[in-house]
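A.B. asks: Next comes the sequence, and after it the predicted model I'd like to discuss.
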Amino acid sequence: MSKKVTVLGSTGSIGRQSLEVIAACGMEAVALAANSSAKLMEEQARRYRPALAALADERAAADLRVRLADTNVRVVGGLEGVLEAATISSADTAIAALVGMAGLRPTLASIREGKRVCLANKETLVCAGPLVLEEAKDYGAKVYPVDSEHSALFQCLEANRDRGEVKRLILTCSGGPFYGKKREELAGITVEDALKHPNWSMGAKITVDSATLMNKGLEVIEAMHLYRMPVEKISVVIHRESIIHSLVEYCDNAMLAQLGAPDMRLPIQYALTYPKRIPGPSAPLDLWNCGPLTFGAPDLEAFPCMALALEAAKTGGTAGAILNGANEAAVGLFLEGKIGFLDIPARVEKALASVPAVQNPTMQDILDADQAARETVL
Ligand code: MG
């Protein structure tokens with residue numbers, strides 16, 4: 001079980017909930033890192049008293065240094081500062097919750113210190129899964145999933161059976177805010193529409209990914225790497241209620257599911273306490289009043305992002321990095337109001353078609369693929 005934790009991405013949705021769990025479970029936050037939110041970081045530093053607070057944005061770090069001048073918290077800035085938080089020797093655990101490809105280097109840095117890494121940054125595995133997990137093995141770092149679906153799969157696989165007995169991993173998908181809409185109805189979707197998720201409250205990037213269903217596509221690739229399963233053995237089921245967080249089907253057709261209220265604090269906590277379970281702050285599931293549970297097939301024609309992700313998963317190599325880089329850039333343009341909702345899959349498709357995928361990539365191949373994909377989108 002974790003005792004001293006560094007939280008990378010502490011001002012985001014997962015980071016804030018992680019701090020709640022850490023405090024409620026009697027653990028200690030020894031370092032915090034984020035991108036640029038100086039004001040919220042000041043509040044967190046005053047409340048949780050870490051030894052170190054890092055902001056990637058140098059100007060925001062300078063602001064934070066002034067704000068925290070009356071405390072003992074050491075403030076550092078830039079990527080170097082974030083890496084210092086990622087590798088701080090007093091932490092036994094790192095929560096990797098920075099958004100996007102930007103989380104890759106700090107996550108790897110924590111892995112190379114042999115820390116327990118609670119991974120909430122799915123882009124890290126989508127872009128560089130085999131390399132990251134190889135390093136984890138080499139440095140003796142344990143990687144535990146924070147994503148609710150992957151935590152559910154982890155729990156359903158916990159009997160540690162022979163992987164040959166697993167027939168299929170089944171990820172549940174809420175369907176997002178535009179479930180049931182046809183492709184032509186999605187053309188006029190605004191940023192405001194896309195930021196309303198029915199069940200989960202999350203940051204802007206992942207909320208848009210949930211609306212396009214790219215999020216589920218990224219999660220399939222994440223599961224493929226994390227559990228070493230071919231993409232053909234991973235399925236997605238639409239489950240509007242977000243009560244079952246994912247399932248494992250075994251070769252005898254037994255299916256194991258993990259249920260819980262849609263509350264990220266539970267998977268965060270389990271990544272921190274595994275193999276132990278302890279009482280925590282997450283909401284209990286009221287099975288008697290949660291209503292019927294429904295299941296259906298995803299509509300890949302209306303939501304082509306998921307189909308593109310499955311295609312990238314089959315291609316392998318740098319295809320995941322190309323998919324992710326193009327998606328991050330396209331979602332950025334959509335949030336700025338520069339392109340429409342349906343342009344997101346169109347731009348990602350263009351990137352996958354025009355940037356060649358390299359097999360068995362090095363880290364440099366992955367960074368190059370990410371860059372080339374972003375350039376096709378802008
Ligand atoms: Mg998820």
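C.D. replies: That came through, no problem. Numbers count the residues shown, from 1 in each chain.
A.B. asks: So Val75 lies in a helix, does it not?
C.D. replies: No. Using DSSP: H, G, I helix; E, B strand; the rest coil, the assignment for Val75 is strand, not a helix.
A.B. asks: Skipping its backbone neighbours, what lies nearest it in space?
C.D. replies: Computed as C-beta to C-beta, 6 or more residues apart in numbering, the closest residue to Val75 that is not its neighbour in sequence is Arg65, at 4.3 Å. In this view, the C-beta of every residue, glycine as well, is placed from N, C-alpha and C.
A.B. asks: Give me the neighbour count for the one you found.
C.D. replies: If you count neighbours by other C-beta atoms under 10 Å, Arg65 ends up with 17.
A.B. asks: what sits up against the helix or strand containing it?
C.D. replies: When elements are assigned from DSSP states H and E, Arg65 belongs to helix 58-67. Helix 58-67 is contacted from outside by 35-39, 41-42, 45, 53-55, 75-78, 81, using C-beta atoms under 8 Å, 6 or more residues apart in numbering.
A.B. asks: hmm, stretch 140-158 touching the ion?
C.D. replies: Yes. Shown here: stretch 140-158 in contact with the ion (C-beta under 5 Å from the ion) through Asp147, Ser148, Glu149.
A.B. asks: For the second one, give its distance to Ser2.
C.D. replies: Right, the one you point to is Ser148. 19 Å (C-beta to C-beta, to the nearest Å).
A.B. asks: same thing with Val66?
C.D. replies: 32 Å.
A.B. asks: ok, these two, which is more surrounded?
C.D. replies: More crowded of Val66 and Ser2, by other C-beta under 10 Å: Ser2, with 23 against 10.
A.B. asks: Now do the more buried one against Glu149, distance only.
C.D. replies: Taking C-beta to C-beta, one finds Ser2 at 22 Å from Glu149.
A.B. asks: Also Ser18?
C.D. replies: Separation of Ser18 from Glu149 (C-beta to C-beta): 18 Å.
A.B. asks: Equivalent analysis for Asn72, please.
C.D. replies: 40 Å.
A.B. asks: Pick out whichever of the two has more residues nearby.
C.D. replies: In terms of neighbours (other C-beta under 10 Å), Glu149 is the more surrounded of Asn72 and Glu149; the figures are 28 against 9.
A.B. asks: Cool, thanks, signing off.
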